[in-house]
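Novice: Got a predicted structure plus its sequence, pasted below:
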Amino acid sequence: MPEFVAGLPKAELHLHIEGSLTPARAYAIAKRNGLDLDAFDPEKGAAARREFTSLVPFLIEYGKCSGVMRKEADFYDMMYDYLERAAENGVVHAEIFFDPQTHCYTDILEFKTVITGLTKALEEGRKTLGVDGKLILCFLRDRSVEEALQVLEDARPYMEVKSPVYTPDLLGVGMDNAELGFRPGRFKPAYDKARHAREAGLHCVAHAGEEGDASYITEALDDLKIERVDHGVRCLEDPAVVERLVKAQTPLTVCPCSNHRLQVYPRFFCGENAVRQLLSRGVKVTVNSDDPAYFFMGNVSAAGRACDASAYDGFLASNYVRTLALNSFDASFISEDDKKAHK
Ligand code: HPA
Ligand code: ZN
């Protein structure tokens, strides 16, 4: 099964680049930046990633490790590492989240350093690995809307075709970080601005319904006009929300290993194996790795197994996997012609 899945071309639509930073890479970057090495000891780092009770304790560790970044080369290396893993897993197209507010706005780093390192690695990854990577800029939802608007302002030169630093790689905006109590509607001004930011407009997605209940999904659809819901598994607690997602065929970027490791399923009422439940209700589900250096990379393979645990290496599981791979392109922001080519 893992070999079959790795050989199947697919798109990854929910991947935080900071969540791809392994303990070994965090240590190497900390070392070259002259930081306190004990705090980034790879063995301690790996141990700290073994158990999480929920999203926030994970975000604390994720924030700490992301704190090693200082230079353009750090962002380049983090991105190129991920693209190599993606190529090994059959990912040919990736729409990759990055969190400027995790790195900037503290006088340590400029937006330019972050985006230049990331886009240089994307360019090399396209040439050398054949992985087409794009970027989705995420707002931290537990910070202010004013700061989110400032991030968009900083990103502006990179989105203007006539600007000397223009990049076609910046594809959209998203929203991540602690969800409970940080409702999506507050970010309406930032999404309204983003939708008109680039000449072709930025695509809009948001994390909703991971720890927040189904009403967070409705609010993100209504107020932020998102085209895709990141996670979204708690829609299963409200049949009306499921019906809406099915009717509009709004894709969900589900991350089963992340949900499992952050204990989403036992703490809420959406039940086990959300992927199977959603597929059987007709939701356009995709399966993604979220933060592979903390959770697991082979999510499509794991989901295929879990969807038919009784015959995980057989025909049924491979059918689930094929559906998930097709959905991943369908739900992506590639052109309609490119979508047809992947059918
Ligand atoms: N949810 C919210 N924020 C995040 C996540 C997630 O799963 N991963 C990294 N930032
Ligand atoms: Zn996520």
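Specialist: Cool, got the structure. Numbering: from 1, shown residues only. Ligands and ions are numbered 1, 2, ... in the order given.
Novice: Give me every residue in this protein lying close to ligand 1.
Specialist: The chain comes close to ligand 1 at residues 16, 19, 55, 62, 176-177, 207, 210, 258, 290-291, as judged by Cβ under 6 Å from any ligand atom. Any C-beta I mention is one placed from the backbone N, CA and C, and that applies to glycine too.
Novice: For ligand 1, give me its nearest residue in the chain.
Specialist: The minimum distance from the chain to ligand 1, using Cβ to the nearest ligand atom, falls at D176 (3.5 Å).
Novice: ok, that residue touching H14?
Specialist: No - contact criterion Cβ atoms under 8 Å: D176 and H14 do not qualify, at 9.8 Å.
Novice: For these two, list the residues in contact with both.
Specialist: Here D176 and H14 share the contacting residues 97, 230, scored by Cβ atoms under 8 Å, 6 or more residues apart in numbering.
Novice: immediately after the lowest-mean-pLDDT helix or strand in the chain, which helix or strand?
Specialist: In the chain, no helix or strand scores lower on mean pLDDT, DSSP states H and E than helix 299-307, which sits at a mean of 64. Using DSSP states H and E, the next helix or strand after helix 299-307 towards the C-terminus is helix 315-330.
Novice: what about that following helix, distance to the chain center?
Specialist: 19 Å (Cα atoms, centre = their mean, to the nearest Å).
Novice: repeat for stretch 264-278
Specialist: The chain centre lies 19 Å from the centre of stretch 264-278; the measure is Cα atoms, centre = their mean.
Novice: Would you work out how far apart the start and end of that stretch are?
Specialist: 16 Å (Cα to Cα, to the nearest Å).
Novice: and if you look at stretch 266-280?
Specialist: With Cα to Cα as the measure, stretch 266-280 spans 21 Å from end to end.
Novice: What's the mean pLDDT across that stretch?
Specialist: Mean pLDDT, stretch 266-280: 89.
Novice: who's in contact with that stretch?
Specialist: By Cβ under 8 Å, 6+ apart, the residues outside stretch 266-280 that reach it are 54, 211, 213, 233-237, 242, 252, 254, 256, 259, 264-265, 285, 287, 303, 306-307, 320, 323-324.
Novice: And the strands in the stretch 51-200 of the chain, which stretches?
Specialist: Per DSSP state E, counting those that start in this stretch, the stretch 51-200 of the chain carries strands over the ranges 91-98, 132-140, 170-176.
Novice: Make JSON lines from those strands and add mean neighbour count and mean pLDDT to it.
Specialist: Putting the strands of the stretch 51-200 of the chain into JSON lines (neighbours: other Cβ atoms under 10 Å; pLDDT from 0 to 100) gives the following:
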{"stretch": "strand 91-98", "mean neighbour count": "24", "mean pLDDT": "97"}
{"stretch": "strand 132-140", "mean neighbour count": "24", "mean pLDDT": "98"}
{"stretch": "strand 170-176", "mean neighbour count": "25", "mean pLDDT": "97"}
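Novice: Ok, which of those comes nearest A48?
Specialist: strand 170-176 (20.1 Å; Cβ to Cβ).
Novice: who does that closest one pair up with?
Specialist: Paired with strand 170-176 in the same sheet, following DSSP bridges, are strand 132-140 (parallel), strand 203-208 (parallel).
Novice: Give me the below-cutoff pLDDT ranges for this protein.
Specialist: 1-2, 199-200, 297-317 (pLDDT under 70).
Novice: before we move on, the earlier item: could I get the strands of the stretch 51-200 of the chain in a markdown table, plus columns for distance to D36?
Specialist: Shown next, in a markdown table, are the strands of the stretch 51-200 of the chain (distance: least, Cβ to Cβ, whole Å):
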| stretch | distance to D36 |
| --- | --- |
| strand 91-98 | 25 |
| strand 132-140 | 24 |
| strand 170-176 | 27 |
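Novice: Among those strands, single out whichever gets nearest to D330.
Specialist: Closest among the strands of the stretch 51-200 of the chain, using Cβ to Cβ: strand 91-98, at 11.8 Å.
Novice: what is the orientation angle of the closest one with helix 315-330?
Specialist: Between strand 91-98 and helix 315-330, the angle comes out at 60 degrees (axes from the mean of the first three to the mean of the last three Cα atoms, to 10 degrees).
Novice: Looks like V165 contacts Y158 (just checking).
Specialist: Yes - because the distance of 5.6 Å satisfies Cβ under 8 Å, V165 is recorded as touching Y158.
Novice: In terms of neighbours, single out the busier of the two.
Specialist: Y158 (21 against 12; other Cβ atoms under 10 Å).
Novice: Tell me how many other residues crowd the residue nearest to V233 when sequence neighbours are not counted.
Specialist: Leaving out its chain neighbours, the residue that sits closest to V233 by Cβ to Cβ, 6 or more residues apart in numbering is A274, at 4.1 Å. When neighbours are defined as other Cβ under 10 Å, A274 has 28 of them.
Novice: again, but for C257
Specialist: 22.
Novice: tell me the contacts of Y191?
Specialist: Counting by Cβ under 8 Å, 6+ apart, Y191 touches 173, 204, 223-226.
Novice: partner residues bridging the residue nearest to K225 when sequence neighbours are not counted?
Specialist: With Cβ to Cβ, 6+ apart as the criterion, K225 has its nearest non-adjacent residue at 6.1 Å, and that residue is C204. Beta-bridge pairing for C204 (DSSP bridges): V173.
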